[in-house]
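Peer 1: sequence first, predicted coordinates after that:
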Amino acid sequence: MSYCRWSSMNWTCDLYCFADITGGWTTHVAPRRRIDAVPDDRQEDFIARKISLDEYTQLHREQMIALERIPFEPLRLPHAGETFHDSSLAEFKRRLLELRQLGYRFPDEVIDQIDAELGEEAKVERRVEPHDAP
């Protein structure tokens, strides 16, 4: 399951984060960032039926063309282009918060999702703990 991808936040996300099939959590840090804003394809408007399929198709096409044309600049932040592997959700969250403090962009919802998962982990741990003997 991915928490965010390069395409998140209309292609402005600097991280690609996912639960790794080998265990733990992997974070790929972008080595570069687009110089200009990417046009929005308004997918939500299409889903809500505020625009037609033809309008959405045209907007999406324009977005894909822009993605090919907008130049990149290197990210001049610590860890640009690196990959991290964390063995626990708590480590994963600490890493993401550290990267955010350094200037990397990713959706706020990622931290919310991790917090929810940490809460679920805590519930499971409480259920598994043996009860004290009388």
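Peer 2: Cool, got the structure.

Peer 1: quick one, domains of this protein?
Peer 2: By the record's domain assignment, the chain is partitioned as 2-34+73-128, 36-70 (automatic domain parsing).

Peer 1: point out the most buried one among those.
Peer 2: Mean neighbour counts were compared across the domains of the chain using mean count of other CB atoms under 10 Å; the top stretch is domain 2-34+73-128, at a mean of 15. Yep, even glycine has a C-beta here, placed from its N, CA and C like the rest.

Peer 1: centre of the chain to that one, how far?
Peer 2: 6 Å (CA atoms, centre = their mean, to the nearest Å).

Peer 1: ok, now stretch 61-70?
Peer 2: For stretch 61-70, the distance between its averaged C-alpha position and the chain's averaged C-alpha position is 21 Å (CA atoms, centre = their mean).

Peer 1: could you export that stretch as PDB, CA atoms only?
Peer 2: Once non-C-alpha atoms are left out, stretch 61-70 reads as follows in PDB (Å, rounded to 0.1, in the frame of the first residue of the first chain):
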ATOM      1  CA  ARG A  61      -4.400  15.300 -21.900                       C
ATOM      2  CA  GLU A  62      -3.300  18.900 -21.300                       C
ATOM      3  CA  GLN A  63      -1.900  17.800 -17.900                       C
ATOM      4  CA  MET A  64       0.100  14.900 -19.400                       C
ATOM      5  CA  ILE A  65       1.500  17.200 -22.100                       C
ATOM      6  CA  ALA A  66       2.500  19.800 -19.400                       C
ATOM      7  CA  LEU A  67       4.200  17.100 -17.300                       C
ATOM      8  CA  GLU A  68       6.400  16.200 -20.300                       C
ATOM      9  CA  ARG A  69       7.300  19.900 -20.900                       C
ATOM     10  CA  ILE A  70       7.800  21.400 -17.500                       C
END
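
Peer 1: tell me which residues are up against that stretch.
Peer 2: Counting by CB atoms under 8 Å, 6 or more residues apart in numbering, the neighbours of stretch 61-70 from elsewhere in the structure are 11, 34-36, 38-41.

Peer 1: which of the residues you listed fall in helices?
Peer 2: With helices defined by DSSP state H, the entries of the contacts of stretch 61-70 inside them are W11.

Peer 1: from the contacts of stretch 61-70, which two are the most distant?
Peer 2: By the measure CB to CB, I35 and D41 form the most distant pair in these, at 19.4 Å.
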